[in-house]
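Okay, structure incoming, though there's no sequence with it:
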Ligand code: DQQ
């Protein structure tokens, strides 16, 4: 590999105030403790998610210089159980040439035993596909001298951007889709083919969207460019995931169900992937050795820029979630391994719920709650989290999860953050979406990890960030109409990192 440019050349060449930034980040009250976060500085998209020789690998968009998107490199962590993460050396970082301005998102593939990264190198303000090959332990990466391996977006197409990759082997050849758009029309996924991951032939658009099909304000607006495209089969459906983007605005993840045949994807339905919108952005998935489709997403910050700067870190990785097709749509749940972090089990007494009650003996900001409920048509269930209650019983702060049952099969999951925080600078936008509620039966799983909140209601996820200022930790239940708690379990969750971590492991 002597003719290859060493991706890691110059690493640790200049001393950095590493300890200060890490200590600052660790001291932040809003920092999650059982979600993966970068040692400090900035984290965004999951990249190169894979299981390699039994070990799970999570790469991520990383800026160790501070909590802002700049000079993006690939951070790296590994895990034997999808729960505990071991920091690995930075895998890729910008160097003179086609990725001088950033090593943007991409994937890891197994090229006949050689770990190989396909990523977007940024140079002169545009991104182009680049390749790096790895050592057998995935710790040292060498960029190909022929980068970029695709020198321009497809000829004759005016694109707003062209980046991010999904790569797979099919009938002995490599295929990839690259996220893009057709100006004046909509987002797009462009399809390529290669025998060697180095020489690529453009086959045409896999799919082009229609930015005029929904209003730009809609929670399922397709955007004008598709970031982080991800194509996979789930059950009886082919699935094309993308993150809807428009002129620098990261909107939300969506997916098409449909049929991938030949060189095209025939769409059937367009669906929302997570009702938290930009709080579960740029997801990437892989199939593990047990055949599970596992997805990670980036939980963006929802507090003001000065608060982010002061905290010294930005961005949370979601818990790994399994996705499966259920009745033509994707259904999600955290991987079962997460349950190994559960401590101090409390079981809730089955009962009918009514006026507001504070849960006895269950409180905290690092929790896993699992509830089985039964709602009568017209009923509503309300779960208050991170609640700070005034001495007169009024609410000082509270984050509220609500599920309403409209009757038949349908219900609505809603996250009300209007009283989550007294801080006026935090995002408090209402989040909601439909949930299947056959017979009024609801399985609700809620994971609270300080500012990171992941909710799964009958398999429909809603992910968001909250920044309570009063350190409230009470949990409150209430109902309107008839709601029965059939089973309820609560656990405190253990943390996954032992401090201090190294900014540049
Ligand atoms: N983030 C990356 C891009 C991707 C975007 C850059 C999505 O490759 O399109 O950090 O968050």
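Received the coordinates, thanks. The model shown is predicted, which means the values in this text are computed figures rather than measured ones.

ok, for residue 319, nearest residue in space, not its chain neighbours?
Nearest residue to residue 319 in three dimensions, chain neighbours excluded: residue 334, at 4.7 Å (C-beta to C-beta, 6 or more residues apart in numbering). Where you see a C-beta, it was placed from the backbone N, CA and C, and this is true even at glycine.

just residue 181 next, same as before
Going by C-beta to C-beta, 6+ apart, residue 181 has residue 225 as its nearest residue, at 3.8 Å.

Would you confirm that the one you found contacts residue 179?
Yes - counting by C-beta atoms under 8 Å, residue 225 does reach residue 179; the two are 7.0 Å apart.

Pull up the overlap in contacts between those two.
Common contact partners of residue 225 and residue 179 (C-beta atoms under 8 Å, 6 or more residues apart in numbering): 161, 187-188.

Which ones among the residues you listed map onto strands?
187-188 (DSSP state E).

what's the domain layout of the protein?
As recorded under automatic domain parsing, the domains making up the chain are 3-334, 343-493.

Of all those domains, which one is nearest residue 505?
Closest to residue 505 of the domains of the chain is domain 3-334 (C-beta to C-beta; 3.9 Å).

I'd like to know if that closest one reaches the ligand anywhere along the stretch.
Yes - applying C-beta under 6 Å from any ligand atom, one finds that domain 3-334 is in contact with the ligand at 44-45, 61, 72, 104-105, 120, 163-164, 227-228, 250, 281-282.

can I get these in CSV with secondary structure, neighbour count and pLDDT?
What follows is these, written out as CSV (DSSP: H, G, I helix; E, B strand; the rest coil; neighbours: other C-beta atoms under 10 Å; pLDDT from 0 to 100):
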residue, secondary structure, neighbour count, pLDDT
44, strand, 23, 98
45, strand, 26, 99
61, strand, 25, 99
72, coil, 24, 98
104, strand, 25, 98
105, strand, 29, 99
120, strand, 27, 99
163, strand, 24, 98
164, strand, 32, 98
227, strand, 25, 98
228, strand, 27, 98
250, strand, 20, 98
281, strand, 27, 98
282, strand, 26, 99
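
What count of nearby residues applies to the residue nearest to residue 221 when sequence neighbours are not counted?
Using C-beta to C-beta, 6+ apart and skipping the chain neighbours, the partner closest in space to residue 221 is residue 214 (4.7 Å). If you count neighbours by other C-beta atoms under 10 Å, residue 214 ends up with 16.

ranges for the helices of the stretch 301-450 of the chain?
305-311 (DSSP state H, counting those that start in this stretch).

so which strand or helix has the residue nearest to the spatial centre of the chain?
Centroid-nearest residue in the chain, with C-alpha atoms, centre = their mean: residue 297, separated by 0.9 Å. Using DSSP states H and E, the element containing residue 297 is strand 293-299.

What is that strand packed up against?
For strand 293-299, the elements it packs on are strand 41-52, strand 55-63, strand 281-287, strand 316-317, strand 321-326, strand 460-465, judged by 3 or more C-beta pairs under 8 Å, 6 or more residues apart in numbering; DSSP states H and E.

now those strands as TSV including distance to residue 345?
Formatted as TSV, those follow (distance: least, C-beta to C-beta, whole Å):
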stretch	distance to residue 345
strand 41-52	30
strand 55-63	27
strand 281-287	31
strand 316-317	25
strand 321-326	22
strand 460-465	24
